[in-house]
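*Asks:* Predicted model and sequence below, questions to follow.
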Amino acid sequence: MSESGKAHVLVTGGAQGVGRAVAERFMAAGHPVTITGRKAEALAKAAGEMGGAVHAIAADVSVEDDVARLFEQAAEAGGPIGVLVNNAGMSGSAPLSRMSVDHFDRMMAANARGVFLCCRAAAKPMADMGGGRIVNIASTAGLKGYAYVAGYVASKHAAVGLTRALALELAGKNITVNAICPGFIETPMTAQTIANIVEKTGRSEEEARAELVKFNPQKRLIETDEIADLALWLAGPGARSVNGQVIAIDGGESA
């Protein structure tokens, strides 16, 4: 806990997109925040722009030694982590016939192994403090299938499975574990997906965007602040009995 009594929050993949929105929302609520990501320069830039009680620590959450160092340095900077938001991840597409083992392994490392390593690192300090909250940012790809992204879908299903298993395992330690599963979001990652569609199909950017928007019955992309709002609520007192839940933010796509 900080001097204000607010839990120290660690947001992985916190330099941009959903991670940055989540970090800023917790900061606005008075929490000390640590953001992490692989690119030190991007982290430092984001931290400078965000200001306030934010620390930036470069680390690759798919690497065991990096995660150990991350949690040690974060605790030194702001105290033990009381809220963990596992947001770091990556996407990529390839048909099965051309999907390499390296591609599949990279999806699993970024989107599943990183969640496992950070949850494992957070569990004991949280238990020692009397409890904590873990929020895993997954995807509707953790709830259903999409063609040509089998590696990504498999990794996000793994993140959902980890959420449900760890929720049961850690419940007795007053630690809740939940997942948020957004549809396509207005982020740099989605912008890259659109660019890939344009490159591979020859469609215009507008046509490529429409391909993603059509999945959402509300006919729009999800905004990052919608995910940040839910993450903050899941870490708050009103969600103390919400555990092992996988909550879609998708306009009804998964209904």
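*Replies:* Here it is on my side, so go on.
*Asks:* what about the helices in the stretch 51-200 of the chain?
*Replies:* 64-78, 101-108, 114-129, 150-170, 188-201 (DSSP state H, counting those that start in this stretch).
*Asks:* will you turn those helices into JSON lines that also has mean pLDDT and mean neighbour count?
*Replies:* In this view, the C-beta of every residue, glycine as well, is placed from N, C-alpha and C. Compiled in JSON lines, the helices of the stretch 51-200 of the chain are given as follows (pLDDT from 0 to 100; neighbours: other C-beta atoms under 10 Å):
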{"stretch": "helix 64-78", "mean pLDDT": "97", "mean neighbour count": "17"}
{"stretch": "helix 101-108", "mean pLDDT": "98", "mean neighbour count": "15"}
{"stretch": "helix 114-129", "mean pLDDT": "98", "mean neighbour count": "21"}
{"stretch": "helix 150-170", "mean pLDDT": "98", "mean neighbour count": "20"}
{"stretch": "helix 188-201", "mean pLDDT": "82", "mean neighbour count": "15"}
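*Asks:* Distance to A46 for the ones you listed - can I get that in a markdown table?
*Replies:* Formatted as a markdown table, these follow (distance: least, C-beta to C-beta, whole Å):
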| stretch | distance to A46 |
| --- | --- |
| helix 64-78 | 16 |
| helix 101-108 | 23 |
| helix 114-129 | 19 |
| helix 150-170 | 23 |
| helix 188-201 | 12 |
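*Asks:* Which one of those lies nearest to I180?
*Replies:* With C-beta to C-beta, the closest approach to I180 among the helices of the stretch 51-200 of the chain belongs to helix 150-170: 9.7 Å.
*Asks:* which helices and strands sit right next to that closest one?
*Replies:* helix 101-108, helix 114-129, strand 132-137, strand 175-182, strand 246-249 (3 or more C-beta pairs under 8 Å, 6 or more residues apart in numbering; DSSP states H and E).
*Asks:* May I see those organised as JSON lines, with distance to E223 added?
*Replies:* Below are the helices and strands packed on helix 150-170 laid out as JSON lines (distance: least, C-beta to C-beta, whole Å):
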{"stretch": "helix 101-108", "distance to E223": "25"}
{"stretch": "helix 114-129", "distance to E223": "23"}
{"stretch": "strand 132-137", "distance to E223": "14"}
{"stretch": "strand 175-182", "distance to E223": "10"}
{"stretch": "strand 246-249", "distance to E223": "9"}
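*Asks:* between those, which one is nearest to S91?
*Replies:* S91 lies closest to helix 101-108 among those, at 7.9 Å (C-beta to C-beta).
*Asks:* distance between that closest one and the chain's centre?
*Replies:* Mean-position distance between helix 101-108 and its chain equals 18 Å (C-alpha atoms, centre = their mean, to the nearest Å).
*Asks:* Name the residues that touch it?
*Replies:* Contact with helix 101-108 is made by M90, S91, G92, A94, A150, G151, Y152, A154, S155, A158, as judged by C-beta atoms under 8 Å, 6 or more residues apart in numbering.
*Asks:* switch to 7 Å and redo it
*Replies:* By C-beta atoms under 7 Å, 6 or more residues apart in numbering, the residues outside helix 101-108 that reach it are M90, G92, A94, G151, Y152, A154, S155, A158.
*Asks:* immediately after the lowest-mean-pLDDT helix or strand in the chain, which helix or strand?
*Replies:* Ranked by mean pLDDT, DSSP states H and E, the weakest helix or strand in the chain is helix 188-201, scoring a mean of 82. As assigned by DSSP states H and E, the chain's next helix or strand after helix 188-201 is helix 205-213.
*Asks:* Alright, that wraps it up for me.
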